[in-house]
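> Next input, structure requested:
(one chain, ligands or ions: 1)
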Amino acid sequence: MGCTLFITFEGIEGCGKTTQVRRLADNIKGMEITVVLTLEPGGTRVGQDIRRMLLDSRNSNLTPLAELLLYEADRAQHVEEVIKPALEEGKWVLCDRFFDSTMVYQGYARGQDMTLIGDLNEKCCSGILPDLTFVVDCPVQIGIKRALKRNEVHMEEGQDRFEREKRDFHEAVRKGYLKMAMEAPKRIVVVDGTLNKDELEKVIFNYVRPFLAGGVEA
Ligand code: TMP
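Have a look, this model is predicted:
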């Protein structure tokens with residue numbers, strides 16, 4: 001078995017995680033490591049359909065349980081189709097959001113049963129856990145401002161109901177991430193999303209550098 005690593009990126013909307021996960025992938029490529037860059041929801045063909053359903057403002061009447069199950073369905077398919085095979089082949093997997101998002105968005109912020117979420121996560125991940133998770137933290141005001149700017153076109157098309165949600169919701173999401181990071185300090189690293197992109201890229205790469213020598217035994 002080769003050496004492998006599973007890294008996830010988390011944070012509120014507009015925190016900059018998507019830029020950073022891409023930059024990290026670019027930094028690692030070319031070091032004789034094969035990187036799979038993926039995301040949730042939407043890391044498989046089925047998942048892309050699920051993502052569209054979840055982010056479509058016409059579906060704002062989705063029940064909380066239906067929403068939770070859609071995220072978990074996306075994850076179950078993603079783990080089996082993409083993440084597990086890649087790790088078994090000794091590749092590194094970088095994922096833009098994973099199960100912490102469900103704990104924080106559906107659990108802490110929407111108040112759904114954390115035990116149920118934990119059980120579903122366990123079932124849908126079939127034993128796969130991130131080795132390292134970056135929470136890209138930034139104040140809600142900054143995140144929302146960036147996200148609205150980025151999604152101007154989507155908003156016109158009536159997409160992405162999440163950016164419209166109340167500020168309190170995003171505050172709860174942010175708080176949830178910081179709480180999770182305190183509870184799992186070995187796995188979760190909080191980095192400063194207000195740094196400029198180049199600085200943050202360096203900070204993140206410095207955390208990953210020690211793994212480049214060996215990774216984790218698959
Ligand atoms: P994105 O902003 O990373 O594209 O994610 C899409 C939205 O999906 C974002 O608002 C967070 C939300 N989400 C959840 O609510 N629960 C989850 O489990 C995941 C993976 C995402």
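> ok, residues contacting stretch 168-184?
Outside stretch 168-184, the residues that touch it by Cβ atoms under 8 Å, 6 or more residues apart in numbering are 10-13, 100, 103-105, 107-109, 133, 135, 137, 139-140, 143-144, 188-190. Backbone N, C-alpha and C define where each C-beta goes, glycine included.
> For that stretch, give the mean pLDDT please.
For stretch 168-184, mean pLDDT rounds to 96.
> quick check, distance from that stretch to the centre of its chain.
Counting by Cα atoms, centre = their mean, to the nearest Å, stretch 168-184 is centred 14 Å from the centre of its parent chain.
> Extract the C-alpha trace of it and format it as PDB.
The C-alpha trace of stretch 168-184 is given here as PDB (Å, rounded to 0.1, in the frame of the first residue of the first chain):
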ATOM      1  CA  ASP A 168     -27.300  34.600  12.800                       C
ATOM      2  CA  PHE A 169     -27.300  31.400  10.900                       C
ATOM      3  CA  HIS A 170     -23.800  32.000   9.500                       C
ATOM      4  CA  GLU A 171     -22.600  33.100  13.000                       C
ATOM      5  CA  ALA A 172     -23.900  29.800  14.300                       C
ATOM      6  CA  VAL A 173     -22.000  28.000  11.600                       C
ATOM      7  CA  ARG A 174     -18.800  29.800  12.400                       C
ATOM      8  CA  LYS A 175     -19.200  29.100  16.100                       C
ATOM      9  CA  GLY A 176     -19.900  25.500  15.400                       C
ATOM     10  CA  TYR A 177     -16.600  25.100  13.400                       C
ATOM     11  CA  LEU A 178     -14.600  26.800  16.200                       C
ATOM     12  CA  LYS A 179     -16.200  24.400  18.700                       C
ATOM     13  CA  MET A 180     -15.500  21.400  16.600                       C
ATOM     14  CA  ALA A 181     -11.900  22.500  16.200                       C
ATOM     15  CA  MET A 182     -11.500  22.700  20.000                       C
ATOM     16  CA  GLU A 183     -12.900  19.200  20.400                       C
ATOM     17  CA  ALA A 184     -10.600  17.700  17.800                       C
END
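> Buried residues in it, which are they?
Using 16 or more other Cβ atoms under 10 Å as the test for burial, stretch 168-184 gives Phe169, His170, Ala172, Val173, Arg174, Gly176, Tyr177, Met180, Ala181.
> what do you get for stretch 98-111?
98-110.
> how many neighbours does Phe9 have?
Number of residues near Phe9 (other Cβ atoms under 10 Å) recorded here: 29.
> can you confirm it is in a strand?
Yes: applying DSSP: H, G, I helix; E, B strand; the rest coil, one finds Phe9 inside a strand.
> That one: what's it in contact with?
By Cβ under 8 Å, 6+ apart, Phe9 lies in contact with Lys17, Thr18, Gln20, Val21, Leu94, Cys95, Asp96, Arg97, Thr133, Phe134, Val136.
> restrict the buried residues of stretch 98-111 to contacts with the ligand.
The subset of the buried residues of stretch 98-111 within reach of the ligand, by Cβ under 6 Å from any ligand atom, is Ser101, Thr102, Tyr105, Gln106.
> Taking the residues you listed, tell me the two that lie furthest apart.
The most widely separated members of these, counting by Cβ to Cβ, are Ser101 and Gln106 (8.3 Å).
> what do the two both touch?
Common neighbours of Ser101 and Gln106 (criterion: Cβ under 8 Å, 6+ apart): Tyr71.
> Go ahead and confirm Gln48 touches Gly42.
Yes: at 4.9 Å, Gln48 and Gly42 qualify as touching, with contact defined as Cβ atoms under 8 Å.
> Alright, calling it a day.
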